[in-house]
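Colleague: Model the following, please.
(2 chains)
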Amino acid sequence: MTEKTTIIVHSGDMDKIYSALILGTGSLSMGMEVSLYFTFWGLQRLKKDGLEKGPLSKMNMLGLGRWMIRRRMKAAGVEELHKLMSDFRELGGKIIACEMTMEVMGISRSDLREDLIDDYGAVGTYVNEARGAQITLFI
Amino acid sequence: MSELKVDCTGKNCPVPLIEMRKAIRKAARGDLVEITGDHPASKKEIPMAVESLGHELVGVREDGSRWTIVIRKVKE
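Modeller: Residues are numbered from 1 along each chain as shown, chains lettered A, B, ... in the order given. Next comes the predicted model:
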């Protein structure tokens, strides 16, 4: 059976979305299956035009720190989040949106990038994804 | 049999790994995939990925900081 990585994406911070998508695409590239469960602040990044909008988790400094880090990432040849997301999808990565977060935060499916989302679910969906996984992370 | 070439020069983690995976998916069984780059960690991580994917590592060449890795797709 194929090995699997599952990640709970709880944070909406830009740097942590990078971590989730780098681990996700890396796992797919090494031949694993991957599912990312977007919840709470992470789910905000699946809103239309939301993927690149997260602040930096530390030293954001009203966006100045974020701007500097993005500039340095570009100089270092780090891909943009939307490119990592499209590679993640192309390699068969799965995305699950948390329905409870949608209810609590008043988010409807039409507010989200429905083209990216494979499934909508709650804790049971995540547990079923994670119970056979070799790598599980909470970001 | 054909050969697919991918150039990842200047690209950072995890792009060379992703591009390797995409190229192998596109290739047919028996095809060679040649990937070039200069990201240091990828030089050892691509062979690790090739092993876990079950393909054949044909060779690794180095020219200064640039490396070229050749892979043969041996299964679907």
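
Colleague: helix/strand/coil for B:I69?
Modeller: The three-state label given to B:I69 by DSSP: H, G, I helix; E, B strand; the rest coil is strand.

Colleague: For it, give me the pLDDT.
Modeller: As predicted, B:I69 sits at a pLDDT of 98.

Colleague: contacting residues around it?
Modeller: B:M20, B:E34, B:I35, B:T36, B:K43, B:I46, B:P47, B:V50, B:L57, B:G59, B:V60, B:R61 (C-beta atoms under 8 Å, 6 or more residues apart in numbering or on different chains). For the C-beta atoms, the positions are set from N, CA and C on the backbone; glycine is no exception.

Colleague: Out of these, flag the one nearest to chain A.
Modeller: Chain A lies nearest to B:M20 out of the contacts of B:I69, by C-beta to the nearest C-beta, at 6.6 Å.

Colleague: Can you tell me the number of residues neighbouring the closest one?
Modeller: By the criterion of other C-beta atoms under 10 Å in any protein chain shown, B:M20 has 26 neighbours.

Colleague: surely it meets A:S29?
Modeller: Yes. B:M20 is in contact with A:S29 according to C-beta atoms under 8 Å; the separation is 6.6 Å.

Colleague: and for those two, which residues touch both?
Modeller: Jointly contacting B:M20 and A:S29 under the rule C-beta under 8 Å, 6+ apart are B:A49.

Colleague: quick one on the thing from earlier: and the contacts of B:I69, which are buried?
Modeller: In these, burial by neighbour count holds for B:M20, B:E34, B:I35, B:T36, B:K43, B:I46, B:V50, counting by 16 or more other C-beta atoms under 10 Å in any protein chain shown.

Colleague: give me the element the last one is part of.
Modeller: For B:V50, the element it lies in under DSSP states H and E is helix B:40-53.

Colleague: Which residues does that helix contact?
Modeller: Here helix B:40-53 makes contact (C-beta under 8 Å, 6+ apart) with A:29-31, B:8, B:13, B:16-17, B:20-21, B:24, B:35, B:37, B:56-57, B:60, B:62, B:65, B:67, B:69, B:71.

Colleague: Of the residues you listed, which belong to helices?
Modeller: Members of those lying in helices (criterion: DSSP state H): A:S29, B:P16, B:L17, B:M20, B:R21, B:I24.

Colleague: what sits against A:T5?
Modeller: Taking C-beta under 8 Å, 6+ apart, one finds A:L23, A:G24, A:S27, A:M32, A:E33, A:V34, A:S35, A:A133, A:Q134, A:I135, A:T136, A:L137 in contact with A:T5.

Colleague: So what's the residue count around residue 76?
Modeller: Using chain A. 12.

Colleague: please go with chain B instead
Modeller: With other C-beta under 10 Å as criterion, B:E76 counts 6.

Colleague: same thing with A:R66?
Modeller: 19.
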